[in-house]
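Visitor: This is a predicted model, with the sequence first.
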Amino acid sequence: MTTQEIIIDELEKVTGTDEVRKNLDLALFEEQILDSLGTVELIVSLGDMFHIDLTPGMVDRKMWATPRKIISDIESRIKAQAV
Amino acid sequence: MNILDRIHAWSINTPNHLAYVRGESVLSYQDLEEKSNWLATYFSDSLPNDRAPIAIIGHKEPEMLITFLAAVKSGHPYIPIDTATPSQRIEAIIEKSKAALRLTPGNVQQLLVEQNLPAGHLSPQPKLPHEIKLEDAWYIIFTSGSTGEPKGVVITTACLESFVTWMLDEQHLSEQSEIFINQAPFSFDLSVMELYLSLSTGGTIFSLSRDEISEPKELFKTLASSSATVWVSTPSFAQMCLFEPTFSEKLLPRMRKFLFCGETLPPEVAASLLNRFPKAEVWNTYGPTEATCATTSLQITQNVIAKYNPLPVGYPKSDSDIRVMKADGSGCAESERGEIIIAGPNVSPGYLGQPELTAKAFFKLGELQAYRTGDTGHFEQGMLFFDGRQDNQIKLHGYRIELGDIESNLQALPTIRDAVVLPHLKNGLPDFLAAFIILNTGPVPGEFETTRGLKRELRKRLPDYMVPHKFYYPDKFPMTANGKIDRRKLAESMK
């Protein structure tokens, strides 16, 4: 599985909708698809899965506004950690 | 114990000490006393002396606190309404309560400007239409009702004083030095704990706004700046904070007490807090809105955690009589489960303007006002344990929700033929709400679009925390042998 697929799988689990798979530009917070607790759950599970340093204090809503933005944020964190 | 006298005394002895902090807005004891006196005078002069409630709609602005005290001082109870409440529900509350006034923090600011307050010296205590009596209503908090209409719980001066006196005796708070974290909106009676414990002891309430809470990155910065000593929240909120590794003694070095109420405290949350904050105490408390915030308490130590799972909710407060009763009204034996009955001076006289609902839930136990909680529980060595609900009321992240309230509001939508709402459970606790919907139009065209539309409609009628997270569209509902919808089967279908 690619990084993107893993992230989308987790996001689908947390949000309970496959729309996050169909529309990568879905406004997750505006549409109230993702809430604070869901975000924290996602932060913890993605941090564990990719072995990256990721805590609730490191993420804000702007950075994670859409599925596409979450993917790009996680990919850049993985790269940064590899350096 | 006279709460208003205490606040008045702080305004004389420590006028510049901060009573309230919310972001950039602060309120000193002198400000609070002076402004609430002026506003109380305005209420007395402009409203009939009929004790009709005053509704204030806002989100934790300092003007809300000013209005609470002003209302009480002028002989009117207050109704705190959070801005998260949709307008339809606000209208229902205003209508039901026959409120004399509905205010927003903006209105209050305007009124205070118009009063042209002389700066720097305390105005006299306003002349009250009559003395505040123990049986007078202090506040009215509206909670979810099973028929889709909210109901107003009346809390009197005697109720509040009984609660505050008990907590002060037990918690040994220092005067003029505590800083209390406020998480809950004022429409949620958990907030009564920090508001009145802090104001009675000359402490500071450090309030977290909804925006701060929903943005963890900001939240931890704000918390770090708080110097807080007493934490009051739902267990869910602390659980969320614990996901952040820096949430520890280092972030909040003065923290010495965690007070929990509103839902079951998971032992692992208590254990993590004791590890991360070795100098702090963790307390579990229990009580419905109808019995003023909390009625039992227990300090949760490593020993208690090692011994009990689920954790006990604690020992009854000394002036209350808590019993566990069987359906026939007889008392339960040690460890035997039954309905939790709370009797005492902290028990509400009833629901505002609803004699039938009041008669069903409240009664006299000897001399004491008593409330049938609808909670199942049992006693073990004097300690009360909470074992769940007898009906369709749930606690979701501390919010009290009647599932029937959501179902009625869904069924009122023209596109819906039938609806059932159930909590999705995680480790035995409600995690989110799921709605099972049968539409009038038959098969669902696009699930996401349909769900989005229904959520939008529901948000006009219900607060966000009552809008189900997940929607299912079964062809039909499974039925029990008696012809009722089989809620258990529906719940199983979520797994």
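Guide: Sure thing, it's come through.

Visitor: starting at the chain centroid, how far to the helix or strand B:Glu194 falls within?
Guide: Using DSSP states H and E, B:Glu194 sits in helix B:191-200. Put simply, helix B:191-200 sits 12 Å off its chain's centre (CA atoms, centre = their mean, to the nearest Å).

Visitor: residues making contact with that helix?
Guide: For helix B:191-200, contacts defined as CB atoms under 8 Å, 6 or more residues apart in numbering or on different chains pick out B:1, B:3, B:6-7, B:10, B:19, B:65, B:68, B:80, B:139, B:155, B:160, B:163-164, B:167-168, B:171, B:173, B:178, B:180-182, B:184-186, B:203-205, B:230, B:232, B:259, B:261, B:292-294. All C-beta atoms are positioned from the backbone trio N, CA, C, and that covers glycine.

Visitor: Tell me the first helix or strand C-terminal of it.
Guide: strand B:204-207.

Visitor: residues making contact with that next one?
Guide: B:17-22, B:60, B:65, B:178-182, B:194-195, B:198-199, B:226, B:228.

Visitor: how about the helix holding B:Glu194 as CSV, C-alpha atoms only?
Guide: Only the C-alpha atoms of helix B:191-200 are listed here, as CSV (Å, rounded to 0.1, in the frame of the first residue of the first chain):
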residue,chain,number,x,y,z
SER,B,191,-19.4,24.6,34.6
VAL,B,192,-21.2,25.4,37.8
MET,B,193,-18.4,23.5,39.6
GLU,B,194,-15.5,25.8,38.6
LEU,B,195,-17.6,29.0,38.5
TYR,B,196,-18.9,28.9,42.0
LEU,B,197,-15.9,27.2,43.6
SER,B,198,-13.7,29.8,42.1
LEU,B,199,-15.8,32.8,42.9
SER,B,200,-16.4,31.7,46.5
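
Visitor: could you give the mean pLDDT of that helix?
Guide: In this model, helix B:191-200 has an average pLDDT of 98.

Visitor: For that helix, which residues meet the burial criterion?
Guide: Buried residues in helix B:191-200, counted by 16 or more other CB atoms under 10 Å in any protein chain shown: B:191-200.

Visitor: Which single one of those residues is nearest to B:Leu252?
Guide: Lowest distance from B:Leu252 to the buried residues of helix B:191-200 (CB to CB) belongs to B:Glu194, with 15.1 Å.

Visitor: Point out the residues in chain A that sit beside chain B.
Guide: With CB under 8 Å from any CB of the partner chain as the criterion, chain A meets chain B at residues A:16-19, A:22, A:31-32, A:35-37, A:39-40, A:43-44, A:55-61.

Visitor: ok and the residue in the stretch 251-400 of chain B nearest chain A?
Guide: B:His397 (7.2 Å; CB to the nearest CB).

Visitor: burial count for that residue?
Guide: 21 (other CB atoms under 10 Å in any protein chain shown).

Visitor: mind listing what it touches?
Guide: Per CB under 8 Å, 6+ apart, neighbours of B:His397: A:37, B:234, B:236-237, B:263, B:430, B:465.

Visitor: right, and the pair among these with maximum separation?
Guide: B:Phe237 and B:Pro430 (14.9 Å).

Visitor: and those two? which has more neighbours close in?
Guide: B:Phe237 (24 against 19).

Visitor: For the residue in the stretch 1-150 of chain B that chain A sits nearest to, which residues are in contact?
Guide: Closest to chain A within the stretch 1-150 of chain B is B:Ala84: 12.0 Å, counting by CB to the nearest CB. B:Ala84 sits next to B:59, B:185, B:210, B:463-465 when contact means CB under 8 Å, 6+ apart.
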